[in-house]
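Colleague: Got a predicted model here, sequence first, then my questions.
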Amino acid sequence: MSHHFKETPENAITQSGIARVIPCKELDVGDPIKWLSLALRDAMRAPGLTLFYGVLFAVIPWFIMYLVEMTGWHLVILPAIVCFMLVGPFLAAGLYDVSWEMEKGHKPTLRHSLRAMRRNAFNEWGFAILLMVMMIFWLRVASLIHALYPPYIENDLESLLPFLALGTIVGAGFTLAMLFITAFTQPILMERKVDLATAVLTSVNAVWLNKVPMLIWGAIIFTTVAIGYVTGFIGFIVLMPIIGYASWHAYIDAIETKRERKYE
């Protein structure tokens, strides 16, 4: 169970002066499991909306793979997976709204969830642009790594290993950085009318102060994405809505809000 820090942590993030940093709470290593259990409860309470967003999340990677087959460039798969992980938090806004509505005792609706991006439109679209820029940057880095691959090397595991290791290390580092940036940014923008810099710095600070629980949470998200791909994206229909709902509960647990929250 999350709890307030005994002393307010001070670090380079909170003292940067770039923007206000909303205080966060200290998480326990078992909190990610609690978020998943609460997400399962939300999914059972709103099965129709869960199915709608689940199908949406399944169609997107299917379309990515369709493009891979059309172009024949199979090395696009790895950056495409990372891109999907980047865009995921932005698309999950509707799922956050479903959990938020149930938390307030309201009946969630599709129309209300689709309007979630309008609550703080300017900064939420700014976040979308940030995700697009980072996605394009990753694609350019992936293209550069591919360009460095010597065409005369044999296509066996021993020859490909250095190339694959480089791509994996760069991809892992980039994904870790995006975990810091995107973990709580979208929920903060949805619930509070703050600027993008405040939301991003608050997210980075919360992840930094809760490294172990958030790394566990990041591993859960990565595993979910991996299972989805292994199952031919069918798994996304169930798994991605649960991750979306759980992300909202993670936000409520990690970031101090102006209201009290009681779990059933």
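Modeller: Looks like it arrived, so ask away.

Colleague: List the contacts of residue 95.
Modeller: By Cβ atoms under 8 Å, 6 or more residues apart in numbering, the residues touching residue 95 are 53, 113, 241, 244, 245, 247, 248. Yep, even glycine has a C-beta here, placed from its N, CA and C like the rest.

Colleague: Are there helices or strands packed against the host helix or strand of the fourth one, and which ones?
Modeller: Mapping residue 244 onto the secondary structure by DSSP states H and E places it in helix 236-254. In this structure, helix 236-254 makes packing contacts with helix 31-45, helix 47-71, helix 77-91, helix 93-103, helix 185-191, helix 211-230, judged by 3 or more Cβ pairs under 8 Å, 6 or more residues apart in numbering; DSSP states H and E.

Colleague: So for the second one, mean pLDDT?
Modeller: Pointing back at helix 47-71 there. The predicted model gives helix 47-71 an average pLDDT of 84.

Colleague: Then the third one?
Modeller: Averaged over helix 77-91, pLDDT sits at 63.

Colleague: go on, stretch 187-202?
Modeller: 91.

Colleague: quick one: buried residues of that stretch?
Modeller: 187-192, 194-196, 198-202 (16 or more other Cβ atoms under 10 Å).

Colleague: quick one on the thing from earlier: what separates the helix holding residue 244 from the chain centre, distance-wise?
Modeller: Centroid separation between helix 236-254 and its chain, computed with Cα atoms, centre = their mean, to the nearest Å, is 9 Å.

Colleague: Dump the C-alpha coordinates for it into CSV.
Modeller: Listed next in CSV are the C-alpha coordinates belonging to helix 236-254 (Å, rounded to 0.1, in the frame of the first residue of the first chain):
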residue,chain,number,x,y,z
PHE,A,236,-4.4,-7.6,-26.5
ILE,A,237,-8.2,-7.7,-26.5
VAL,A,238,-8.1,-8.7,-22.8
LEU,A,239,-4.6,-7.6,-21.6
MET,A,240,-4.4,-4.0,-22.8
PRO,A,241,-7.6,-2.8,-21.2
ILE,A,242,-6.5,-4.4,-17.9
ILE,A,243,-3.1,-2.5,-18.2
GLY,A,244,-5.0,0.7,-19.0
TYR,A,245,-7.2,0.4,-15.9
ALA,A,246,-4.3,-0.6,-13.8
SER,A,247,-2.3,2.4,-15.0
TRP,A,248,-5.1,4.7,-13.6
HIS,A,249,-4.9,2.9,-10.2
ALA,A,250,-1.1,3.3,-10.3
TYR,A,251,-1.5,7.0,-10.8
ILE,A,252,-4.0,7.3,-7.9
ASP,A,253,-1.6,5.4,-5.7
ALA,A,254,1.6,7.2,-6.8
